[in-house]
Structures are given as structure tokens and as C-alpha cells.
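A.B. asks: Need a 3D model of the following:
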Amino acid sequence: MSANVTPPDCDRSSLEALLRELYSARAAGELERLCALFAPEALLKISGSSDGKPITIAARGTEEVRSWLGVLVKTFRLARYEILSMVIDGPHAAVHWRASIHSRITGAIVMTELIDMVEARGGRISSYVELFVPG
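C.D. replies: Got it, this is the predicted structure:
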């Protein structure tokens, strides 16, 4: 296969479908469905701030990624999520989205903008880096 040919599992429509499934599962708070989208060796990083305090999450591999996704699903409920833009280049994508995020711990509801940089391999997410800024 030449270097200029994108493997079939990384074509634009497949990656877009994978991303739409990711956001749908996340908004629905469905942990099993969400975890199934990540490759076994996946990297997950999330960075941002809340109430002026930095938040950073880093995980690699099935168990760590599952653990952090479980925390996110249990702690936060997403409402009114909307994909604002999606740029796909081969197996790489950047997604700008926003959602109203409800903390099940504090009860606070904050409209938040997020930027995700995603890489897919083998039809699953191999790298997911998210940056967020509460509104």
C-alpha cells in the first residue's frame, strides 16, 4: 500500500461515523458503548480548568481508560451537546463541540466548549486528547 493511500478503516466516512458514535455514547452516558470505541492500547488525555483550578487526566490502555471514562460518566451528565465543526485528515480528526455539563456532585450546570483531537487505528480510537473551557 502506498504512503498516500488511507487504509479503509480510516477513510473519512468511517472516522466520521466513529466520532458521531463516540459523542452519542458520551451524551447518553453509556459506559460500555463508549469503552468499546477505544483500542486496547488507547491514550486518553483531558485538560482544562474548572473554577480556576486546572484539571488533567491521562490514561493509557483498556483498564486506565475505562476507569477514567467511568468517572466521567458517573460524575457528569451532558445535555444539549452540539458538534460545531469537524476536520478529518486521514486517521486524524479535530472536533470542536459544546455541551451543557451537569456535575452530579456539585449540581452546577456549565455550558462548556471542547476541542478533541482524535486518532483512529483499526476502526477504533487510538488517541483521544480533549481540551475544555467552561463558558
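
A.B. asks: quick one: low-confidence parts of the protein?
C.D. replies: Residues of the chain that meet the criterion pLDDT under 70 lie in 1-10.

A.B. asks: The protein: helices as residue ranges?
C.D. replies: 12-28, 31-35, 62-75 (DSSP state H).

A.B. asks: what packs against the last one?
C.D. replies: By that I understand helix 62-75. Secondary-structure packing of helix 62-75 (3 or more CB pairs under 8 Å, 6 or more residues apart in numbering; DSSP states H and E): helix 31-35, strand 38-50, strand 53-60. Using the backbone N, CA and C atoms, a C-beta is placed for each residue, glycine as well.

A.B. asks: Just the CA atoms of it, as PDB, please.
C.D. replies: Coordinates of each C-alpha in helix 62-75 appear next as PDB, following Å, rounded to 0.1, in the frame of the first residue of the first chain:
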ATOM      1  CA  THR A  62      -8.000  -0.500  28.500                       C
ATOM      2  CA  GLU A  63      -8.200  -0.500  32.300                       C
ATOM      3  CA  GLU A  64      -7.000   3.000  32.800                       C
ATOM      4  CA  VAL A  65      -9.100   4.500  30.000                       C
ATOM      5  CA  ARG A  66     -12.200   2.500  31.200                       C
ATOM      6  CA  SER A  67     -11.600   3.700  34.800                       C
ATOM      7  CA  TRP A  68     -11.500   7.400  33.800                       C
ATOM      8  CA  LEU A  69     -14.400   7.100  31.300                       C
ATOM      9  CA  GLY A  70     -16.400   5.600  34.200                       C
ATOM     10  CA  VAL A  71     -15.600   8.500  36.400                       C
ATOM     11  CA  LEU A  72     -16.600  11.000  33.700                       C
ATOM     12  CA  VAL A  73     -19.900   9.100  33.100                       C
ATOM     13  CA  LYS A  74     -20.800   8.900  36.800                       C
ATOM     14  CA  THR A  75     -19.800  12.500  37.600                       C
END
